[in-house]
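Participant: this one's structure only:
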DNA sequence: CCTTGACTTCGAGTGCGCTCTAACTGTTAC
DNA sequence: GTAACAGTTAGAGCGCACTCGAAGTCAAGG
């Protein structure tokens, strides 16, 4: 069974974030469940990297750290929270659509 | 000839910016040429309000204060600068288009 | 043993774009 | 004259999202 582990350095390379940012994301609660080895060093598995890519996407699309933190906290409350999670994502989708609409309006103005 | 003048308070109401922000925009050089009356108070004419609306649009669409300042400085260098101005606006349009593209990609991912 | 290097924490610093405060001035109404 | 009020400046403060630095720990290599 293939179960690769990555150091923070490697995780940084894989995801394009800095090690600083990876630790920061963990500190502020949007990157939970990162394991440690016997000497306290973090290691990241494929699932973690997957979530980090989602994180990048959410941040890049304008979701604030705070909103992501809410989402993460809700997600940790088991399957009952699926509806609430969907609501957050729906709201975010809606926000993105609005932003696209505004930007398209500005584009027309700029012509 | 109708040539209305507005106080900073009125300009703030007309444009939806705060008086603080209007002064700040002037300080950082993206809102030049605001006139003063005999006691040093600013007054804004229709042209100023027009530019403020453009400013709002440019900021809202992601142009940085610094880029707007460059644009303003170039604009003050007479008609020779029209090409340079167009270049900046074109670049900004292009950036908006890219942003829209990215956001649309994220929307698809979120489905 | 000692150096090297990657990691750790904690707290401070940075950059952007405002936003607010303090101290002051000038005009108007009473 | 004086109080109220709208304006002025310079500079400090804020919120966000990082970003960096100092000081320390730990494992491996020479």
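Facilitator: On my side now, so go ahead. Bear in mind the structure is a predicted one, so any value in this text is a computation, not a measurement. Numbers count the residues shown, from 1 in each chain, chains lettered A, B, ... in the order given.

Participant: Next, the buried residues of the lengthiest helix in chain A.
Facilitator: Longest helix in chain A, counting residues (DSSP state H): helix A:82-109. By neighbour count on 16 or more other CB atoms under 10 Å in any protein chain shown, the buried set for helix A:82-109 is A:88, A:92, A:96, A:99-100, A:103, A:106. (C-beta placed from N, C-alpha, C; glycine too.)

Participant: is that helix anywhere near DNA strand D?
Facilitator: No. With CB under 7 Å from any atom of the strand as the criterion, DNA strand D is not reached by helix A:82-109; the gap is at least 12.8 Å.

Participant: for that helix, packing partners?
Facilitator: With contacts taken as 3 or more CB pairs under 8 Å, 6 or more residues apart in numbering or on different chains; DSSP states H and E, helix A:82-109 sits against helix A:65-75, helix B:46-60, helix B:82-109.

Participant: Can you lay out the ones you listed as a markdown table showing mean pLDDT?
Facilitator: Output for these, formatted as a markdown table (pLDDT from 0 to 100):
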| stretch | mean pLDDT |
| --- | --- |
| helix A:65-75 | 96 |
| helix B:46-60 | 96 |
| helix B:82-109 | 95 |
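
Participant: Can you lay out the buried residues of helix A:82-109 as a markdown table showing distance to residue A:69?
Facilitator: Shown next, in a markdown table, are the buried residues of helix A:82-109 (distance: CB to CB, whole Å):
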| residue | distance to residue A:69 |
| --- | --- |
| A:88 | 11 |
| A:92 | 14 |
| A:96 | 19 |
| A:99 | 21 |
| A:100 | 25 |
| A:103 | 27 |
| A:106 | 30 |
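
Participant: Quick check: phi and psi on residue A:35?
Facilitator: phi -80, psi 160 (degrees, to the nearest 10).

Participant: actually residue A:63, not the one I wrote
Facilitator: Main-chain dihedrals, residue A:63, degrees, to the nearest 10: phi -80, psi 130.

Participant: if we can go back for a sec, tell me the one of the buried residues of helix A:82-109 nearest DNA strand D?
Facilitator: Among those, residue A:92 lies closest to DNA strand D (CB to the nearest atom of the strand), at 12.8 Å.

Participant: Arrange the helices and strands packed on helix A:82-109 in TSV, one row each, with distance to DNA strand C as further columns.
Facilitator: As requested, those are exported to TSV (distance: least, CB to the nearest atom of the strand, whole Å):
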stretch	distance to DNA strand C
helix A:65-75	12
helix B:46-60	5
helix B:82-109	13
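
Participant: how about those helices in JSON lines, adding distance to residue B:23?
Facilitator: Below are the helices and strands packed on helix A:82-109 laid out as JSON lines (distance: least, CB to CB, whole Å):
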{"stretch": "helix A:65-75", "distance to residue B:23": "30"}
{"stretch": "helix B:46-60", "distance to residue B:23": "12"}
{"stretch": "helix B:82-109", "distance to residue B:23": "25"}
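
Participant: can you tell me which of these comes nearest to residue A:44?
Facilitator: Nearest to residue A:44 among those is helix A:65-75; the distance by CB to CB comes to 16.2 Å.
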